[in-house]
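Student: Test case, fold it:
(one chain, ligands or ions: 3)
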Amino acid sequence: MEFTIKLVSPERLRTGLLVLGAFSGLPLPPASRAVDEASQGRLSRLVSEGELDDKAGSSVLLHGLAGVAAERVLLVSFGKADPSGDKSWRNAFAAIAAALAATAAKEAAITLDETALPPGRDFAWALRQASRIIADGAYRFEPPRAEKKHKKKHGAAKVAFILPDTGETLEEAVRQGQAIAQGMALAKDLGNLGANVCTPSYLADIARGLGKQYKFEVEVLERDDMEKLGMGAFLAVARGARQSPRFIVMHYRGDKPHKGKGGKPKSHPVTLIGKGITFDSGGISLKPGAEMDEMKYDMCGAASVIGVFKAIAAMALPVDVIGIVPATENMPGGNAARPGDVVRSLSGQTIEILNTDAEGRLILCDALTYAERFKPGCVIDIATLTGACIVALGKIPSGLLANDDELADELAQRGMDAGDRVWRLPLWEEYQDLLKSNFADMANIGGRFGGAITAAAFLSRFATAYKWAHLDIAGTAWLSGDAKGSTGRPLPLLAEFLLARAAADKR
Ligand code: BES
Ligand code: MN
Ligand code: ZN
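Tutor: Ligands and ions are numbered 1, 2, ... in the order given. Just a heads-up that it's a prediction; the model follows:
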């Protein structure tokens, strides 16, 4: 998809599809008004006759509007002017994205003006969101099929934003949104691929390929390396798998090295850790059969980390970021770990494995310890960690748990900015008691209650050397049922977080 920014009169623009906005109960915004006047009041009549629903995102499509150069005009409701947030704006753009993905027009143009911006939002924000939502809306997974279907390709390939002349350079915002959508497309593809294709070594190859393309460092550890290091928790999960595990470390250095005391470069990279279970059968604590196919999505944390590396590299963002992906399958078998096994983690702490299906925390704990060597400014792990998180929060926000309030608040704010929300759960000391074991420093499960929290409580014992946040994306990383597929979340949140960090560093 190709995006441009144009400063033209909308009524005179030759395009396949012209998108205009309208608020319920308010006069038409300037661009819509210009087209309304050119068409002898067709739009305002349509609105006054009640043909455009009040609900943000509802729309009316008009063909061959007299006096207007565009072939089609789509009038989209932005709902009632919303003083409280971005919700109706986002609903409107979700509808615009769907219309652009389905239209027979090859080119489209979208008008944007100040009056349509949510409170406190500027054009750069709006263009970054809009280009991401529209490019992401055009994502399709290409399944391998016996015969290539020669379906007619729908959807606008060229999209112009029509803006008032603000004197700002806004191309960068559009490029950023597009880069985020490209990262999301990669993350979605990785999630949607079956576990016979998307294996740990496949993830490593994708990471290496990105490193080559964008010139960042990628190191891949194999089983021997991990044995030498002493990653007993990770290896306990990998033992049952025929697919060999990988421990992938990416380092993107977009910032100029800061000079610390004594002239030594000093950088405290943001470190992202993504759970990369390419298939979670549960292991010896085998899962029930229903919907087990969806456990191919148990590497969506990893996919979001790899995807966000693509996004920040594509936009050449000035930040220092480490990405760590522990990747393995969780399978049953004669060599698999059993309930009751005690293993020693990289940190030295021992773990009694009471349930082999609580495997995510076992691979993440060794990654959290490994991260210490980078002296990170903060560490964020992203994991499809617990069914309990879906029970607690549903599928709207991702779960957020953290050992640092400032980092938690920052992530919550960026989630709002990106329309990719998180909700914080407590991580109080009392929960630690639930992890007691008679046979090791801790057990890997904490009983029936508060499962999303006890999982994070387990991780917190390994995240002691830095500021740390944990995102439980079990409910948000993919959709089930007819709409089954990856969502690409929480990549928008991670990208927004890094963008804001980069902007703060510049100041
Ligand atoms: N990958 C699952 C969590 C999961 C389940 C995510 C369903 C999305 C949908 C994780 O490895 C797991 O199996 N967790 C267990 C933990 C339990 C054994 C303490 C769970 O949530 O049931
Ligand atoms: Mn599991
Ligand atoms: Zn899992």
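Student: Sketch out the strands for the stretch 201-350 of the chain, chain order is fine.
Tutor: 217-221, 246-253, 270-274, 276-280, 320-330, 342-344, 350-352 (DSSP state E, counting those that start in this stretch).
Student: Tell me what angle the second one forms with strand 276-280.
Tutor: To tie it back to what came earlier, the one meant is strand 246-253. Interaxial angle of strand 246-253 relative to strand 276-280 (axes from the mean of the first three to the mean of the last three CA atoms, to 10 degrees): 150 degrees.
Student: tell me what strand 246-253 is packed against?
Tutor: Contacts defined by 3 or more CB pairs under 8 Å, 6 or more residues apart in numbering; DSSP states H and E place strand 246-253 against helix 200-214, strand 217-221, helix 300-314, strand 320-330, helix 360-371. C-beta: built from backbone N, CA, C; applies to glycine.
Student: starting at the chain centroid, how far to the third one?
Tutor: The reference is to helix 300-314. Centroid separation for helix 300-314 versus its chain: 8 Å, with CA atoms, centre = their mean, to the nearest Å.
Student: hmm, back to that, nearest to E410, of the strands of the stretch 201-350 of the chain?
Tutor: In this view, the strands of the stretch 201-350 of the chain are compared for proximity to E410 by CB to CB, and strand 270-274 is the closest at 11.0 Å.
Student: how about that closest one as PDB, C-alpha atoms only?
Tutor: The C-alpha coordinates for strand 270-274 follow below in PDB (Å, rounded to 0.1, in the frame of the first residue of the first chain):
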ATOM      1  CA  VAL A 270      15.000  -1.500  26.500                       C
ATOM      2  CA  THR A 271      14.900  -5.300  26.600                       C
ATOM      3  CA  LEU A 272      11.900  -7.200  25.200                       C
ATOM      4  CA  ILE A 273      11.400 -10.900  25.900                       C
ATOM      5  CA  GLY A 274       8.800 -12.900  24.000                       C
END
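Student: Number of residues surrounding E168?
Tutor: 14 (other CB atoms under 10 Å).
Student: now A124
Tutor: Residues lying near A124 (other CB under 10 Å) number 17.
Student: tell me the pLDDT at the nearest residue in space to G450 that is not next to it in sequence?
Tutor: Excluding its sequence neighbours, the residue lying closest to G450 (CB to CB, 6 or more residues apart in numbering) is Y431, at 6.5 Å. In this model, Y431 is scored at 98, pLDDT.
Student: quick one: secondary structure of Y431?
Tutor: helix (DSSP: H, G, I helix; E, B strand; the rest coil).
Student: hang on, it packs against G446?
Tutor: Yes - when contacts are counted by CB atoms under 8 Å, Y431 is listed as touching G446 (7.1 Å).
Student: Find residues that contact each of those two.
Tutor: The contact sets of Y431 and G446 overlap at T454, A457 (CB atoms under 8 Å, 6 or more residues apart in numbering).
Student: more neighbours, these two?
Tutor: G446 (23 against 20).
Student: and the more buried one, how far is that from ligand 1?
Tutor: Taking CB to the nearest ligand atom, to the nearest Å as the measure, G446 falls 7 Å from ligand 1.
Student: what do you get for P30?
Tutor: Distance, P30 to ligand 1, by CB to the nearest ligand atom: 47 Å.
Student: pLDDT wise, what is that residue at?
Tutor: The model's pLDDT for P30 equals 96.
Student: For it, give me its contacts.
Tutor: Counted by CB under 8 Å, 6+ apart, P30 has contacts D113, T115, P164.
Student: Leaving aside the residues adjacent along the chain, what's closest to whichever residue of the stretch 1-150 of the chain sits closest to ligand 3?
Tutor: Across the stretch 1-150 of the chain, the shortest distance to ligand 3 (CB to the ion) belongs to F141, at 21.9 Å. Ranked by CB to CB, 6+ apart and with sequence neighbours excluded, the top spatial neighbour of F141 is N192, at 4.7 Å.
Student: The one you found: what's it in contact with?
Tutor: By CB under 8 Å, 6+ apart, N192 lies in contact with F141, G485, S486.
Student: how far away is it from A98?
Tutor: 19 Å (CB to CB, to the nearest Å).
Student: got any ranges where the protein has weak pLDDT?
Tutor: Counting by pLDDT under 70, the chain contains low-confidence residues at 150, 256-266.
Student: So is the lengthiest helix in the chain next to ligand 1?
Tutor: The longest helix of the chain (DSSP state H) is helix 171-192. No - Helix 171-192 lies out of reach of ligand 1 by CB under 6 Å from any ligand atom, never closer than 12.0 Å.
Student: How far does that helix sit from its chain's centre?
Tutor: Using CA atoms, centre = their mean, the offset of helix 171-192 from its chain centre is 9 Å.
Student: what comes up buried for that helix?
Tutor: Neighbour-count burial for helix 171-192, counted by 16 or more other CB atoms under 10 Å, picks out 173-192.
Student: the inter-axis angle of that helix versus strand 276-280?
Tutor: If you take the same axes, to 10 degrees, helix 171-192 sits at 30 degrees to strand 276-280.
Student: Please provide the alpha-carbon coordinates for helix 171-192, formatted as CSV.
Tutor: C-alpha atoms of helix 171-192 as CSV (Å, rounded to 0.1, in the frame of the first residue of the first chain):
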residue,chain,number,x,y,z
GLU,A,171,5.1,12.2,6.1
GLU,A,172,7.2,10.7,8.9
ALA,A,173,4.1,9.9,10.9
VAL,A,174,2.5,8.1,8.0
ARG,A,175,5.7,6.1,7.4
GLN,A,176,5.8,5.2,11.1
GLY,A,177,2.2,3.9,11.0
GLN,A,178,3.0,1.9,7.9
ALA,A,179,6.1,0.4,9.4
ILE,A,180,4.1,-0.7,12.5
ALA,A,181,1.6,-2.4,10.2
GLN,A,182,4.4,-4.2,8.4
GLY,A,183,5.7,-5.4,11.7
MET,A,184,2.2,-6.5,12.6
ALA,A,185,1.8,-8.4,9.3
LEU,A,186,5.0,-10.3,10.1
ALA,A,187,3.8,-11.1,13.6
LYS,A,188,0.4,-12.2,12.3
ASP,A,189,2.0,-14.5,9.7
LEU,A,190,4.2,-16.1,12.3
GLY,A,191,1.2,-16.7,14.6
ASN,A,192,-1.0,-18.0,11.9
